[in-house]
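Visitor: Build me a model from this:
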Amino acid sequence: MTSIKPVAMLIKAVVGDEIPVEVLLSGNVSPHDYKLKFSDIRAIRSADFFVWVGPGLESHLSKAIENYPSANVIQLTTFKNIQWPETNILGHQEDTHNYKNHHSLVIDGQDSNLYNLDPHLWLNPENSLQVVNELKRILSHRYPEYKAVFKKNVEIFSVLLKTMDGELKEKFRQVKERGFIVEHDGYGHFIEHYGLRQLGIIDLMEGVSITARHRARLETLSVNAACIFTYPQRNNKIADQLAEKFELNSRGLDAMGRNVSLGQGSYIEFFNDFSATVLTCLE
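Guide: A predicted model of the protein is given here:
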């Protein structure tokens, strides 16, 4: 069982149809906001493995897995060689104090109060390849009878991913100077990997209304923006207002892949669709 669909997509790239994979959270809800139910805890504890990103993204799950055997929990933020965006673009410097949610991430086995690490690590294809290779190692140990299958699946995934990434890098070079605004600060891995130009963020902190000063700053930034990306799992009223006022392109940018069917090739499909949304809006 996985916490969210993007994690399940990466596991399916390894296991294919050999092992069933279930997803705890619906793609229609934000992992930041989800309230755990008793049935969720039972589902987690009935699984052979539970795989999640980590408390920086799914803080509500921490308590649910406290008494779950640690050997059966796989936390992606503990994997080595994950690349983290060097900077977070916080729509306005004077509002950054509102952004600090002080989630504690575990990086390479070390607890860190690095609130500005973007946990959406699957939006960098290089990270996804690292994750898939580590999952192959872990799951091959647990299911040795499928070791050769897992190895072959990952080889195929690697070729497809690197080909797709190379093609996308060329496409994004054509639009990297076009600025944009995001409703939700969840795309740092993608933005840094492809060298894109994010101008500002609407929602600086979960559940906190933006200040009048930040709203004014967003209006100034919107003059030079080509696009606004909204967050499909939430209300995007301010983003819609800015898009209408400044006649900007607007697209829902779904990092959860809610409309992608789960299967061995679902991550490649998801990432292509996600990238196409960004390209279409900026073009």
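Visitor: can we go C-alpha only for contacts and neighbour counts from here?
Guide: Will do.
Visitor: Quick one: residues contacting residue 29.
Guide: Neighbouring residues of residue 29 by CA atoms under 8 Å, 6 or more residues apart in numbering: residue 233.
Visitor: quick check, it in a helix?
Guide: No - looking at residue 29 with DSSP: H, G, I helix; E, B strand; the rest coil, it is coil, so not inside a helix.
Visitor: Quick check: the gap between it and residue 158.
Guide: To residue 158, residue 29 is 30 Å away according to CA to CA, to the nearest Å.
Visitor: what do you get for residue 227?
Guide: Taken as CA to CA, the span from residue 227 to residue 158 is 32 Å.
Visitor: which residue is nearest the centroid of this structure?
Guide: The centroid of the chain falls nearest to residue 120 when counting by CA atoms, centre = their mean (2.9 Å).
Visitor: Now do the contacts for it.
Guide: 57, 186-189.
Visitor: can you pull the pLDDT of it?
Guide: Residue 120 is assigned a pLDDT of 95 by the prediction.
Visitor: on that earlier part again, of residue 227 and residue 158, who's got more company?
Guide: residue 227 (25 against 20; other CA atoms under 10 Å).
Visitor: For the strand or helix carrying that one, name the packing helices and strands.
Guide: Counting by DSSP states H and E, the element that carries residue 227 is strand 225-230. In terms of contacts (3 or more CA pairs under 8 Å, 6 or more residues apart in numbering; DSSP states H and E), strand 225-230 is packed against strand 179-184, helix 237-245, strand 249-252, helix 266-282.
Visitor: Would you mind finding the most buried of these?
Guide: Comparing those by mean neighbour count (mean count of other CA atoms under 10 Å), strand 179-184 comes out on top with a mean of 23.
Visitor: Starting from that strand, tell me which strands it pairs with and how they run.
Guide: The strands that strand 179-184 pairs with in its sheet are strand 197-203 (parallel), strand 225-230 (parallel) (by DSSP bridges).
Visitor: Return the most buried member of these.
Guide: It is strand 225-230: most buried of those by mean count of other CA under 10 Å, with a mean of 24.
Visitor: With just CA atoms, put it into CSV.
Guide: Extracted in CSV, the C-alpha atoms of strand 225-230 (Å, rounded to 0.1, in the frame of the first residue of the first chain):
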residue,chain,number,x,y,z
ALA,A,225,3.3,36.4,-16.2
ALA,A,226,2.3,34.2,-19.1
CYS,A,227,0.3,31.7,-17.1
ILE,A,228,-1.2,30.8,-13.7
PHE,A,229,-1.2,27.2,-12.5
THR,A,230,-4.0,26.2,-10.2
